[in-house]
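Undergrad: I would like the atomic coordinates for the input below:
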Amino acid sequence: MSAEIPGPSSALLHLLWLASPALPVGGFSYSEGLEAAIEAGVVTGEDAARRWLVDQLHLGLARSELPIVAASLDAWQHRDGTTLHALNDWVIATRETRELRLQSEQMGRSLAEWMKVRRAAIDDTQAGLLQALTPPTWPVAFALALAISGAALPDALQAHAFAWAENMVQAALKAVPLGQSAGQRILAALVAEIPAAVAHAIVLDAADRQAYMPMLAILSSRHETQYSRLFRS
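TA: Numbering: from 1, shown residues only. The predicted structure follows:
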């Protein structure tokens, strides 16, 4: 019989745990279109990779995923199943390619399983709501893990954004390829931009959420049939 894994003793430790690349959700296996951008010659080096990821942070995460995490966090705290289903459906409907949708679903399922295995401190109502999401998408599932932490909303969203940034920088290191110093410079640029992206996401009205990045959608579609690739998206 497996022993329960002790939980972190503070909100900060919980956020560090969730933002860690060691979190077993498979984030390392995705590039979210970056690999296709490299194949197409759109991203050719450090500067281009930095611009691509900063743009994706502001045009994608700040307008789509981060606002969903914020809304889902509130819904989990209020055990609002109707809102959770609506948010989860929105994520699925706005993933513009098959591989982006499968990424969100796979990572969401993996995080839900992680919370189950480590016996996360969710109550029966939250557990039932999580099970009813078939499947839970990544931002909605991540919001439940954040709700457990008790962290303030800006800190929670920054943890989510940093987890994304670190995974994407690791993808750039492998696919461009780049050295570790270049990766740290790109990560520093993303860290400098994350607070503004989070601030935008917090005040964004639900009607203004959007997932509209045509070039990313086209490149992601191409990636699905790309001959040689390292990543699943």
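Undergrad: where's the residue most central in space within the chain, which helix or strand?
TA: Centrality entry for the chain: nearest residue to the mean C-alpha point is Trp164, 5.3 Å, by CA atoms, centre = their mean. With elements taken from DSSP states H and E, the one containing Trp164 is helix 153-175.
Undergrad: Distance of the residue nearest to the centre of the chain relative to Glu46?
TA: Using CB to CB, to the nearest Å, we find Trp164 at a distance of 19 Å from Glu46. (C-beta placed from N, C-alpha, C; glycine too.)
Undergrad: Report the contact partners of Ala189.
TA: For Ala189, the contacting residues are 50, 53-54, by CB atoms under 8 Å, 6 or more residues apart in numbering.
Undergrad: who does the helix holding Trp164 touch, helix- and strand-wise?
TA: With contacts taken as 3 or more CB pairs under 8 Å, 6 or more residues apart in numbering; DSSP states H and E, helix 153-175 sits against helix 11-19, helix 34-39, helix 46-56, helix 66-77, helix 138-149, helix 180-203.
Undergrad: Neighbours of Met215, how many?
TA: 15 (other CB atoms under 10 Å).
Undergrad: ok now do it, which residues does it touch?
TA: So Met215 contacts Val42 (CB under 8 Å, 6+ apart).
Undergrad: Number the chain from 23, please
TA: Understood, numbering begins at 23; the last thing we discussed is Met237.
Undergrad: Give me the pLDDT for it.
TA: On the pLDDT scale, Met237 is placed at 92.
Undergrad: phi, psi of it?
TA: Phi and psi for Met237, reported as degrees, to the nearest 10, are phi -60, psi -40.
Undergrad: ok, so what distance separates it from Ala59?
TA: From Met237 over to Ala59 (counting by CB to CB), the distance is 8 Å.
Undergrad: Check Gln128 too.
TA: Distance of Gln128 to Ala59, computed by CB to CB: 22 Å.
Undergrad: More neighbours: those two, which one.
TA: Ala59 (25 against 20).
Undergrad: Measure how buried Ala71 is and give me the count.
TA: Residues within reach of Ala71, counting by other CB under 10 Å, total 27.
Undergrad: That one: what's it in contact with?
TA: Contacts here follow CB under 8 Å, 6+ apart; on that basis Ala71 touches 56, 65, 194, 198, 200, 208.
Undergrad: Where does the prediction get shaky in the protein?
TA: Residues of the chain that meet the criterion pLDDT under 70 lie in 23-31, 141-142.
Undergrad: From what I see, Ala84 and Glu215 are in contact.
TA: No - look at Ala84 against Glu215 with CB atoms under 8 Å: they stay out of range, at 9.1 Å.
Undergrad: Relative to Val76, how far out is the nearest residue to Ala143 once chain neighbours are set aside?
TA: The shortest distance from Ala143 to any non-neighbouring residue, by CB to CB, 6 or more residues apart in numbering, is to Ile170 (5.4 Å). According to CB to CB, Ile170 stands 30 Å off from Val76.
Undergrad: Same question for Lys196.
TA: From Lys196 to Val76 the distance is 19 Å (CB to CB).
Undergrad: cool, and Ala143?
TA: Counting by CB to CB, the gap from Ala143 to Val76 is 36 Å.
Undergrad: out of these two, which sits in the more crowded spot?
TA: Val76 (17 against 12).
Undergrad: That one and Ala218, how far apart?
TA: 11 Å.
Undergrad: try Thr119
TA: For Thr119 relative to Ala218 (CB to CB), the value is 27 Å.
Undergrad: tally of neighbours for Pro236?
TA: Neighbour number of Pro236 under other CB under 10 Å is 8.
Undergrad: got the contact list for Phe164?
TA: Contacts of Phe164 by CB under 8 Å, 6+ apart are 40, 91, 130, 133, 182.
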